[in-house]
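Colleague: here is a sequence together with a model predicted from it:
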Amino acid sequence: MMNAVPPLAGLCTYEQAGVAGRSVDETVRLLRRLARIERRTLLAMAAHLNAVPEWEVKCALSLHLWQDAEHCAALRERVAEMRKPPHYLDRPDDEALEAFFEELLRSGSTRELLTGVYRVLKPRVIEAIREHRARANPLADQPTIRLLRSLVAEEEEQVEWGAAALAALAGPDDDWGRHLEAYLDAAGGAAGDGERTGELPPPRAVAPLELVRVPRRDDRFTRLWDSRGRGFFDDDAERSTAEVNWRLMYVRLTEMHVPELLALILYEWPDATFEQHRALARHLWDEARHAMMGEVYFQAHDVDWCSVPHELSFASYPNTQLEPRERYALLYGVEHGAMRKDGKRAQHEAAQASGDPLPTLFQDFDWADEVLHVHIGRRVLTEAYASTKELDDAAAETRAAYDRIVASDRALPRSDWWDEFYGGIAAPSSSSP
């Protein structure tokens, strides 16, 4: 009877384990290359987050660049387990691969970017992973195979999303796809072990990359603000709990400027450590989730979430005026201030008081995320500033400069858009508290 119990922990048969597979050195070479690809891909997506005008693309890029950061972290950890010092992981070791990414960075439209990432690069990454799994010894290299199984599952989901998005955007850009394929082929493919032949088309990467610093929105968004000051009430005590709840969901919705701020911090902080990049990617994805929470609430109530004013200055001012660590110091100062008693806790309590379970849940997780972000900010910035005092002074100085923008805006004639907006929501129902 014991002979019927699957051997080798159910991983494989004796025959499969009895075939010599890829060595440690071969495995490390691939994992190092994949880690480099994941990190450069997430930075390419971050570089374009402000430039792409489509809201849905911004949301997906936010998710995928964080996933790529997590993939990179797992690959780096596995390499360090295999007799290889981790400090070599940040060294680019293939000029041809770097040239491919410089071309990818020059994608000139949403279609070109999505073609490069989801039609050209990621399918080749998936192919390289499948090839390694097929040739690896399932017993000797089980930790790597386990890692790659979970990694490829998310990569496949990303490619599936990319195919659907490209179909909605008139299909992939075939000319740009062939351009990038030529550069990737010249690098030996994603795995680096392919034949490096073929004449390269003229490169676009002949001049410094021009980043889009002021966030773009597509044509659905007709009311873009420089700050959130005009037409917004300040005293919650004068408003019903239902109205305060709608204000909170509006604030969540319009938080897309925070991922747009974080994206260029990520890309333009090249001397940041990988762990700093990873932390920033997590922060960015959380803030995109918060914007989508607001989107879901508006959608659930059949309210056009594109028609309300969307504020851009919290991204455009830092992106155009501050250095990367100063931008993050500004955000850190704002989020640290939100930990006051009248901050995130009060927002959660306001959502509870409205009696609406969905925003109560959203505010609950928003609060938890912001606590995490304060810890992330402190950890990242203490490595960037010489002392805690220097960090706190930078946060206070940048916050004061931003507040002057808002104060100047508030001095302008106030719009009554909010009263009109909420009046249209509250009018159909007389049951609002």
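Modeller: That came through fine. Residues are numbered from 1 along each chain as shown.
Colleague: please identify the buried residues of stretch 189-205?
Modeller: G189, A190, A191, G192, R204, A205 (16 or more other CB atoms under 10 Å). Every C-beta, even on glycine, is put in place using the N, C-alpha and C of the backbone.
Colleague: ok, now stretch 417-427?
Modeller: Those would be W418, F421, Y422, I425, for stretch 417-427 by 16+ other CB under 10 Å.
Colleague: could you do stretch 124-131 as well?
Modeller: Within stretch 124-131, the residues scored as buried using 16+ other CB under 10 Å are R124, V125, I126, A128, I129, E131.
Colleague: please save the CA atoms from it in PDB.
Modeller: C-alpha atoms of stretch 124-131 as PDB (Å, rounded to 0.1, in the frame of the first residue of the first chain):
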ATOM      1  CA  ARG A 124       8.900  36.800 -24.700                       C
ATOM      2  CA  VAL A 125       9.400  36.900 -21.000                       C
ATOM      3  CA  ILE A 126       6.700  34.300 -20.500                       C
ATOM      4  CA  GLU A 127       8.300  32.200 -23.300                       C
ATOM      5  CA  ALA A 128      11.700  32.300 -21.500                       C
ATOM      6  CA  ILE A 129      10.100  31.300 -18.200                       C
ATOM      7  CA  ARG A 130       8.300  28.400 -19.700                       C
ATOM      8  CA  GLU A 131      11.400  27.200 -21.500                       C
END
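Colleague: centre of the chain to that stretch, how far?
Modeller: Centroid separation for stretch 124-131 versus its chain: 23 Å, with CA atoms, centre = their mean, to the nearest Å.
Colleague: over to stretch 264-279?
Modeller: For stretch 264-279 - counting by CA atoms, centre = their mean - the centre lies 12 Å from the chain centre.
Colleague: quick one, what contacts the residue nearest the centre of the chain?
Modeller: Compute the mean C-alpha point of the chain, and by CA atoms, centre = their mean the closest residue is S62, 2.6 Å away. Under the criterion of CB atoms under 8 Å, 6 or more residues apart in numbering, the neighbours of S62 are L49, P259, L284, W285, E287, A288.
Colleague: about what we covered before: which pair in the buried residues of stretch 189-205 spans the largest distance?
Modeller: Within the buried residues of stretch 189-205, A191 and R204 form the most distant pair, 24.8 Å apart (CB to CB).
Colleague: grab the nearest non-local neighbour of Q67.
Modeller: In space, and not counting its chain neighbours, Q67 is closest to E154: 5.2 Å by CB to CB, 6 or more residues apart in numbering.
Colleague: okay, and that neighbour sits in which element?
Modeller: Taking DSSP states H and E as the criterion, E154 maps to helix 142-168.
Colleague: mind listing what's buried in that helix?
Modeller: Neighbour-count burial for helix 142-168 [16+ other CB under 10 Å]: 142, 144-145, 147-148, 151-152, 155, 158-159, 161-163, 165-166.
Colleague: now do stretch 257-274
Modeller: For stretch 257-274, by 16+ other CB under 10 Å, it's 257-269, 272, 274.
Colleague: and stretch 23-32, by the same measure?
Modeller: T27, V28, R29, L30, L31, R32.
Colleague: which ones among these map onto helices?
Modeller: Counting by DSSP state H, those place T27, V28, R29, L30, L31, R32 in helices.
Colleague: and of those residues, the nearest to F298?
Modeller: L31 (42.9 Å).
Colleague: any chance you could map the strands in this protein?
Modeller: Using DSSP state E, the strands of the chain run over 224-225, 310-311.
Colleague: and the ones you listed: which comes nearest L372?
Modeller: strand 310-311 (23.6 Å).
Colleague: in terms of secondary structure, what does that closest one contact?
Modeller: Helices and strands touching strand 310-311, by 3 or more CB pairs under 8 Å, 6 or more residues apart in numbering; DSSP states H and E, are strand 224-225.
Colleague: who touches the strand it packs on?
Modeller: Residues outside strand 224-225 that contact it (CB under 8 Å, 6+ apart) are R217, P309, H310, E311, L312, S313.
Colleague: rounded mean pLDDT for it, please.
Modeller: In this model, strand 224-225 carries a mean pLDDT of 84.
Colleague: ok, back up a step: could you dump the buried residues of stretch 124-131 to CSV with distance to A411 and pLDDT?
Modeller: Shown next, in CSV, are the buried residues of stretch 124-131 (distance: CB to CB, whole Å; pLDDT from 0 to 100):
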residue, distance to A411, pLDDT
R124, 55, 98
V125, 52, 98
I126, 55, 98
A128, 58, 97
I129, 57, 97
E131, 63, 95
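Colleague: fine by me, we can end here.
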